[in-house]
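**Student:** Fold the following, please.
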Amino acid sequence: MVAPAEGPRVQQLYDAIDCIRNRDFLLSVDVRGVGTATPGRNLTGPITAWLNEMDADQEIARVAGGGAAATQMFSADGWRVVVTATGYKPDLRGRADLGLIGARVEGLGGYTRVFEGEPRIEVDGPRPLRDDELLGSVLRRKLKHGYEIGQTPFVIAVLCAGVFVEDRDIAAALIGPDGVWPDGAGRRYRRLSGVITVANLSPTGVAVVEPTLWTNPDAAKRVAADFFPWRHLEVRAKGSVVEHPAVGPVADVLGISSGFPGT
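**Tutor:** Okay, the predicted model is just below:
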């Protein structure tokens, strides 16, 4: 969220990005975190390098073929910004009058998406769901089902498909103020023994993308210590978390090559 008092610094961020000389792309800028200092080259330098590494024609062709627009998160000095780049057509490249930023997404008691061009359009609306809200919603829907599991611990596996899902997002969904494992949780929440999360899993990444098991500190049925061979985050009372590392690389546990499926 971007607080109203942070608005001037966020505008400085936009001004700094607009000074980037590469004019082959139109950018969407999604502000996820606001630094305490004026954004400088520690932020705009990596964005510039990223743009310079890409070919606008190739990006246009990839998106036209059904691929997603190039997206990258940049972090520096407390700033966290997700930038999406769409290639300009050849006849529009290099035109400083068109600007570099085409859309802005930020939280000012909601969100404002600004589309630059002729005319300039601002659309106000409800704040988009965050990754922690999406995960919490999915888990609550699952908990409403009356699964017959006997004495078996109830563990839900979730594929986190957000582009930049982090441990903090998952922790917020589980043990945050509105999490599914609140202090003094009711019986329904105690049914959930654990949650297995894996972010952005794809067929080509099964040998390297490591799942994580999060265990409920107040579970009615506890997960056995040797249940999960990969990373285990043991949630304890009052929200503390103890990390237990994997017993080995993902590929070794699965019994496949680290280069799967290529080798």
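**Student:** Just the CA atoms of the helix or strand Gln58 falls within, as CSV, please.
**Tutor:** Gln58 is located in helix 56-64, with elements delineated by DSSP states H and E. Only the C-alpha atoms of helix 56-64 are listed here, as CSV (Å, rounded to 0.1, in the frame of the first residue of the first chain):
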residue,chain,number,x,y,z
ALA,A,56,11.5,-4.6,-28.7
ASP,A,57,10.7,-6.5,-31.9
GLN,A,58,11.2,-9.8,-30.1
GLU,A,59,9.0,-8.7,-27.2
ILE,A,60,6.2,-7.7,-29.5
ALA,A,61,6.4,-11.0,-31.4
ARG,A,62,6.4,-13.0,-28.1
VAL,A,63,3.3,-11.2,-26.8
ALA,A,64,1.5,-11.5,-30.1
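**Student:** SS state for Gln72?
**Tutor:** strand (DSSP: H, G, I helix; E, B strand; the rest coil).
**Student:** ranges for the helices of this structure?
**Tutor:** Counting by DSSP state H, the chain has helices at residues 7-18, 41-53, 56-64, 131-143, 167-175, 187-190, 250-254.
**Student:** TSV for those helices, including distance to Gln151?
**Tutor:** To be clear about C-beta, it is placed using only N, CA and C from the backbone, and glycine gets the same treatment. Output for those, formatted as TSV (distance: least, Cβ to Cβ, whole Å):
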stretch	distance to Gln151
helix 7-18	53
helix 41-53	52
helix 56-64	51
helix 131-143	18
helix 167-175	23
helix 187-190	14
helix 250-254	26
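**Student:** closest to Val242 out of the ones you listed?
**Tutor:** helix 167-175 (12.8 Å; Cβ to Cβ).
**Student:** buried set for that closest one?
**Tutor:** Neighbour counts over helix 167-175 (16 or more other Cβ atoms under 10 Å) mark 169-175 as buried.
**Student:** residues making contact with it?
**Tutor:** Contact with helix 167-175 is made by 130-133, 135-136, 139, 160, 162, 179-182, 195, 197, 212, 214, 233, 235, 239, 241, as judged by Cβ atoms under 8 Å, 6 or more residues apart in numbering.
**Student:** What residues of the helix holding Gln58 count as buried?
**Tutor:** For helix 56-64, by 16+ other Cβ under 10 Å, it's 56, 59-60.
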